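Peer 1: Just the structure for this:
(one chain, ligands or ions: 2)
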Amino acid sequence: MTVDAPGVSEIPGGDHREIDAEWDRIVRSPGSDAPSRRALLRSFAEELRFHLAVEEAELFPRMRERDPTQENLVQRLREEHGQIRELLDRVERELERSDPALAALDEELRNVLGEHNAREERFAYPWFDRNLTSGEASRVREEFHRPRR
Ligand SMILES: [Fe+2]
Ligand SMILES: [Fe+2]
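Peer 2: Residues are numbered from 1 along each chain as shown. Ligands and ions are numbered 1, 2, ... in the order given. Okay, here's the model as predicted:
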């Protein structure tokens, strides 16, 4: 790691872009090909749940401990994670149906995820770039890159 290595924010920020792209692939995939749609959804859901879990384990607690003025933000982000997980469960249930209707869930997921990710990128991730020690930043990078399986 070089001295002027970038902060951590580009890693979860890059995840946001990849997760959006994966969702686009699911919505654009032909509804008639249910097995490949479900396979896409499995990898999307796994990535997204992993991203939420790493944020909750590695980022939010540090922010809350070190800077009590961020309590409301952390609380809000955690509530949004709950909404995102509920939506994921609903999408998974929907895609198990023989004739899944994704349009409403598509709009809801884009809204919830879009607002949440923008809040993190604007208010939370820059805080980590400013406040994590280089040791903590390395650990966060490792955790985001930990092999999933
Ligand atoms: Fe998040
Ligand atoms: Fe995030």
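Peer 1: Please state the offset of the lengthiest helix in the chain from the chain centre?
Peer 2: With residue count as the measure and DSSP state H as the assignment, the chain has helix 71-96 as its longest helix. For helix 71-96, the distance between its averaged C-alpha position and the chain's averaged C-alpha position is 10 Å (C-alpha atoms, centre = their mean, to the nearest Å).
Peer 1: can you tell if that helix touches ligand 2?
Peer 2: No. Where contact is defined by C-beta under 5 Å from the ion, no part of helix 71-96 touches ligand 2; the two come within 8.2 Å at best. Quick note: C-beta positions are derived from backbone N, CA and C, even for glycine.
Peer 1: Return the list of helices and strands in contact with that helix.
Peer 2: The elements that helix 71-96 packs onto, with contact taken as 3 or more C-beta pairs under 8 Å, 6 or more residues apart in numbering; DSSP states H and E, are helix 34-54, helix 60-66, helix 103-119.
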